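Enquirer: Model the following, please.
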Amino acid sequence: MRGLILAAGRGSRMGPLGDRPKCLVELEGQPLIARQIAALRRGGVDEIGVVRGYRPETIDSPGVCYFANERWAETNMVASIATAASWLRSGPVIVSYGDIFYRSELVRNLAAAPGQLVIAYDRAWRRLWTRRFPDPLADAETFRIDDAGRLIEIGGKTTRIEDIEGQYMGLLKFTPPGWSAIEALLSTLDSTVRDRLDVTGLLRRLLIEKEVDIGTLGTDGQWGEIDNPEDLTLYRNMVSEGELELEEPLQASRV
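Expert: Have a look, this model is predicted:
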């Protein structure tokens, strides 16, 4: 199993910490990318790639190979994923955003989940969103699945809590058939649209085209995304209060 970390972007909303790739923001003394690499390896991933863009020289982890999104400032995450197309065509790949943290158990479960394209989501999202936002519905997006666990809606705005069965986490698994369907879809889009396409937008388009089923894997907390310095403070408090348990990075994965 391979894993791909999307680390091309800059943490522009991180204030004084925004002078580095977002994956290098530290949580409890360790950069996010070190925590991601450790979770992936403990979860059964034996080969890890990192997509670099902004200040690529600052990301240097042992035992990792690199892909380059040289147009990181003008493109979005789908363009970063596509830099590793050779991997995605040849076998399953777990893809991780660079600004999140999660546990190795989730990686292991995602690797074992059946389906051509599977995304992880947090069923207990309200516990975290009410801590992060004054109005959770102002930031949360629609997320609905059918009785078989297939995704049927994602990424919309709503004022109804019933429209949100969870929140997409930025962790997903591609297989070659799933990626083939995505490449076929991308080939139909104007280059400007492709450049701006994020993963949620891609998933929405796949739902419309119905060329591939999108499976889901639910979990209950014990993860987080970091968008701003306030998120860092929140997670540190959650750790100190025993609400959040962080796995320690592997020595070899330290940046």
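
Enquirer: Just want the most central residue of this protein.
Expert: By C-alpha atoms, centre = their mean, the chain has its centre lying nearest to residue 170, at 2.3 Å.

Enquirer: That one belongs to a strand?
Expert: Yes. Checked against DSSP: H, G, I helix; E, B strand; the rest coil, residue 170 lies within a strand.

Enquirer: contacting residues for the nearest residue to residue 189 once chain neighbours are set aside?
Expert: Using C-beta to C-beta, 6 or more residues apart in numbering and skipping residues adjacent in sequence, the residue nearest residue 189 is residue 197, 7.3 Å away. C-beta here means a position set from N, CA and C on the backbone, and glycine is covered the same way. By C-beta atoms under 8 Å, 6 or more residues apart in numbering, the residues touching residue 197 are 76, 77, 78, 79, 186, 189, 205.

Enquirer: for residue 65, same thing?
Expert: So residue 65 contacts 47, 48, 49, 50 (C-beta under 8 Å, 6+ apart).

Enquirer: just to revisit the earlier point, any idea how far residue 82 is from the residue nearest to residue 189?
Expert: Computed with C-beta to C-beta, to the nearest Å, the distance linking residue 197 and residue 82 is 10 Å.

Enquirer: Pull up the overlap in contacts between the two.
Expert: Common neighbours of residue 197 and residue 82, using C-beta under 8 Å, 6+ apart, are residue 186.

Enquirer: residue ranges of the helices in this protein, please?
Expert: 32-42, 77-82, 85-90, 104-112, 125-132, 136-139, 176-186, 191-196, 199-209, 229-240 (DSSP state H).

Enquirer: circling back: name the nearest residue to the residue nearest to the centre of the chain, ignoring sequence neighbours.
Expert: Nearest non-adjacent residue to residue 170, counting by C-beta to C-beta, 6+ apart: residue 97, 3.4 Å away.

Enquirer: Touching, that neighbour and residue 77? I think so.
Expert: Yes. Contact status for residue 97 versus residue 77: in contact at 7.3 Å, counting by C-beta atoms under 8 Å.

Enquirer: what sits in contact with each of the two?
Expert: residue 6.

Enquirer: Pull out the buried positions in stretch 172-188.
Expert: By 16 or more other C-beta atoms under 10 Å, the buried positions in stretch 172-188 come out as 172, 173, 174, 175, 178, 179, 180, 181, 182, 185, 186.

Enquirer: Looking at these, spot the one nearest residue 139.
Expert: Distance to residue 139, by C-beta to C-beta, is smallest for residue 172 among the buried residues of stretch 172-188, at 20.0 Å.
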